[in-house]
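Undergrad: Could you work out the structure for the sequence below:
(one chain, ligands or ions: 1)
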Amino acid sequence: MEPREKALEVHRRLLEIYGDCPKYVPKAPLDELINTILSQNTNDRNRDLAYARLRERFPTWEAVRDAPLAAVTDLIRPAGLSTTKAPRIQEALRRITAERGALNLDFLRQMPVDEARRWLTGLKGVGPKTAAIVLLFTLGMPAFPVDTHIHRVTRRLGLIPPRTSREKAHELLEALVPPRIYRAFHLNLIEHGRHTCRARRPQCESCALRDLCDARAEGVLAV
Ligand code: SF4
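TA: Predicted coordinates:
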């Protein structure tokens, strides 16, 4: 089966298992940007705790921007790497204010997707995954975020070549599937990576995709 056809079949089967992204609740674009910066290199629980602590102490982004760095660093400590993430968050908020005169990302709606992506990745600490999450989930733009689960699962399945970098995977997967399925495909690949196609000891025998999977056929599992 060629990759495009296989990808659509994978999507169809994952929809049967996990549904059409029932769990996702969208945030405002700027809220999602900060939330996603906090989520880097940590789990959802620690990210959510850090985000809640920050919003409780400083309810507006203007207050977060103008707060002492030490206070922001302390509040987001549960998310880890707080001495890196805190200055990046404040720097992003200052840059948005300086360039746009207001603290929101609504101006991105007026840009073509590639220009909006370039603007976001121009912020320190914002890579292709973070940018794509903001673009896809809060602005409805055609961008496909690739996290560690999606990177692993799509390489194992053979949807992208085994040595593809995570950065390159964004480009290849965006071209492989139609934008109308980006949201559900993204969320369901993550579910599959968490529950079945885990980094260690994937559940190949019970996997609904096993007959489509290159890694299983070849006995070589990318982690
Ligand atoms: S068959 Fe195994 S390696 Fe392939 S997608 Fe399923 S769990 Fe992952």
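Undergrad: Going by C-alpha atoms from here, please, whenever you check contacts or count neighbours.
TA: Fine.
Undergrad: And N104, how close does it get to the ligand?
TA: Distance of N104 to the ligand, given as CA to the nearest ligand atom, to the nearest Å: 39 Å.
Undergrad: Which residues are in contact with that residue?
TA: 29-30, 96 (CA atoms under 8 Å, 6 or more residues apart in numbering).
Undergrad: can you check V126 too?
TA: V126 touches 37, 120, counting by CA under 8 Å, 6+ apart.
Undergrad: How about A143?
TA: Counting by CA under 8 Å, 6+ apart, A143 has contacts 113, 132-133, 135-136, 174, 179, 182.
Undergrad: Outside of the helix or strand where I190 lies itself, list whatever touches it.
TA: Taking DSSP states H and E as the definition, one finds I190 inside helix 182-195. Helix 182-195 has contacts (CA under 8 Å, 6+ apart) with 11, 14-15, 18-21, 136-137, 142-147, 149-150, 152-153, 174, 198-199.
Undergrad: Is P145 part of a helix or strand, or is it coil?
TA: Reduced to three states with DSSP: H, G, I helix; E, B strand; the rest coil, the structure at P145 is coil.
Undergrad: If you count neighbours, what's buried in the lowest-mean-pLDDT helix or strand in the chain?
TA: Every helix and strand of the chain was ranked by mean pLDDT, DSSP states H and E. The lowest is helix 214-218, at a mean of 84. Residues 214-216 are the ones in helix 214-218 that count as buried (16 or more other CA atoms under 10 Å).
Undergrad: Please apply the same query to stretch 72-91.
TA: So for stretch 72-91, counting by 16+ other CA under 10 Å, buried means 72-73, 75-80, 82, 85-91.
Undergrad: any idea how this structure splits into domains?
TA: 3-22+145-218, 29-139 (automatic domain parsing).
Undergrad: Between the two ends of the first one, how far is it?
TA: The separation between the terminal residues of domain 3-22+145-218, taken as CA to CA, to the nearest Å, is 17 Å.
Undergrad: any idea how far it is from the chain center?
TA: Here domain 3-22+145-218 is found 14 Å from its chain centre; the criterion is CA atoms, centre = their mean, to the nearest Å.
Undergrad: so how far is the helix or strand where W119 lies from its chain's centroid?
TA: For W119, the element it lies in under DSSP H and E is helix 113-121. Helix 113-121 has its C-alpha centroid displaced from the chain centroid by 15 Å (CA atoms, centre = their mean).
Undergrad: Quick one: mean pLDDT over it.
TA: Here helix 113-121 scores 97 as its mean pLDDT.
Undergrad: Keep only those of the contacts of N104 that are also close to the ligand.
TA: With CA under 6 Å from any ligand atom as the criterion, the contacts of N104 include none near the ligand.
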